[in-house]
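Undergrad: Give the three-dimensional model of this entry:
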Amino acid sequence: MLELAILGFLHDAPLHGYVLRRHIAALTGHVRPVAESTLYPAIKRLEKAGLLVRATEPGAVAAPRHVLRLTEEGCAELKRRLAEPAQREITDENHWFTLLAFLRHLDDPAAQAAVLRRRLAFLEEPASFFYDGDRPLRAEELGDPFRRGVLLIARATSRAELAWLRDTLASLDRVGR
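TA: Numbering: from 1, shown residues only. Presented below is the predicted three-dimensional model:
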């Protein structure tokens with residue numbers, strides 16, 4: 001998730017590490033804060049793999065700044081990750097939102113639609129957070145108002161996402177014709 005966010009934001013524009021960290025925190029920080037001890041090793045891994053480069057530019061006031069730029073290989077890797085997301089990136093909401101934030105960088109509407117169809121198929125499967133044996137429980141079956149709240153909120157969110165997915169897929173299908 002972190003590497004995808006790094007590649008995605010650097011596809012938008014070259015960034016200083018501090019600014020990149022702020023952008024990632026705005027996208028995912030409510031779930032998992034981005035610590036320097038996590039971000040900079042990920043940047044070094046991507047740099048070592050040839051997916052991004054670091055350039056030194058004069059600072060506005062004093063010390064020079066290190067600006068990160070995506071390489072052609074980094075752009076290709078971003079597009080590969082977007083076109084072929086791991087199952088976790090489809091099923092885990094936080095990973096999904098990171099993927100979705102950069103899916104526009106995948107230039108092919110059919111490839112974008114293929115990713116959205118995977119998410120749609122996942123959401124259309126019956127599921128619950130709570131079960132009676134193997135049977136998923138519905139909100140209306142729960143006496144606990146807090147668990148019922150979890151299911152009601154999840155249902156509303158799923159309905160909104162399903163509607164958006166179907167509308168967006170229809171739009172992508174029209175573009176692809």
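
Undergrad: same for the longest helix seen in the chain, what does it pack against?
TA: Ranked by residue count, the top helix of the chain under DSSP state H comes out as helix 145-176. Under the contact criterion of 3 or more C-beta pairs under 8 Å, 6 or more residues apart in numbering; DSSP states H and E, helix 145-176 touches helix 109-124. Where you see a C-beta, it was placed from the backbone N, CA and C, and this is true even at glycine.

Undergrad: Mind doing that once more with 10 Å?
TA: helix 93-102, helix 109-124 (3 or more C-beta pairs under 10 Å, 6 or more residues apart in numbering; DSSP states H and E).

Undergrad: now those helices in a markdown table, with mean neighbour count, distance to A42 and mean pLDDT?
TA: Output for those, formatted as a markdown table (neighbours: other C-beta atoms under 10 Å; distance: least, C-beta to C-beta, whole Å; pLDDT from 0 to 100):
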| stretch | mean neighbour count | distance to A42 | mean pLDDT |
| --- | --- | --- | --- |
| helix 93-102 | 18 | 13 | 93 |
| helix 109-124 | 16 | 23 | 95 |
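
Undergrad: between the ones you listed, which gets nearest to I43?
TA: Closest of the helices and strands packed on helix 145-176 to I43 is helix 93-102, at 16.4 Å (criterion: C-beta to C-beta).

Undergrad: got the angle for that closest one vs helix 109-124?
TA: 160 degrees (axes from the mean of the first three to the mean of the last three C-alpha atoms, to 10 degrees).
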